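Peer 1: Fold the stuff below for me.
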Amino acid sequence: MTSETGKEKKSTSSKAQDATALLKADHEQVSELFIEYQEADSKNKKKQLAEQICNELTVHAQIEEEIFYPAVKQALKDKELIPEARVEHATLRALISEVRGVEPDGEMFDAKIKVMQEYVKHHVKEEQNEMFPKAKATDLDMMELGSKMSQRKQELLAARP
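Peer 2: Sure, this is the predicted structure:
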């Protein structure tokens, strides 16, 4: 849970985990934040949750694009899953830019968060049902990849205001 100020962040456990477990944990955390947003009853709480969702999605997408996707693309010699995921990330970045730092102003702001939630849900389903099983079937060292991603995630989170 977040603190009242909204500054507290869940940190990835220092315990080693494979790359897909780290990404699934991120997916679950963001899903919980979207639920909290839907249940929020004040503009301040919605703004804080929207910022947290945007930050989590931005960091998550960055570690996927810098570390996970290139490794999986090479291992699978993929020309479909990874490019599609990158396009989905670009669309999410556009939605993030429309809500980040903006005061929740009613139904249009809520609609953008809802569309973001639905888009993330679709993206997560494709990753977890298609990409992750295929990636695990390769000879990629998922523990090493997870370690690199966890380290990079901590660097990115530490650099956030």
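Peer 1: Backbone dihedrals for residue 98, please?
Peer 2: phi -80, psi -20 (degrees, to the nearest 10).
Peer 1: going forward, begin numbering at 10 instead of 1
Peer 2: All set: I'll call the first residue 10, so the last point we hit is now residue 107.
Peer 1: Surely it touches residue 124?
Peer 2: No. Contact criterion CB atoms under 8 Å: residue 107 and residue 124 do not qualify, at 9.8 Å. In short, each C-beta sits where N, CA and C put it, glycine included.
Peer 1: Is residue 149 in a helix, a strand, or coil?
Peer 2: coil (DSSP: H, G, I helix; E, B strand; the rest coil).
Peer 1: Distance check, it against residue 79.
Peer 2: 11 Å (CB to CB, to the nearest Å).
Peer 1: For the two, indicate the residue with more neighbours.
Peer 2: Between residue 149 and residue 79, residue 149 has the larger neighbour count (other CB atoms under 10 Å), namely 18 against 12.
Peer 1: Who are the contact partners of the more buried one?
Peer 2: 28, 80-81, 84 (CB atoms under 8 Å, 6 or more residues apart in numbering).
Peer 1: So which of the residues you listed are in strands?
Peer 2: The members of the contacts of residue 149 all map outside strands under DSSP state E.
Peer 1: Out of those residues, which end up buried?
Peer 2: Among the contacts of residue 149, the ones that count as buried by 16 or more other CB atoms under 10 Å are 28, 80-81.
Peer 1: List just the nearest of those to residue 42.
Peer 2: Looking at the buried ones among the contacts of residue 149 and their distance to residue 42, the nearest is residue 28, at 21.5 Å (CB to CB).
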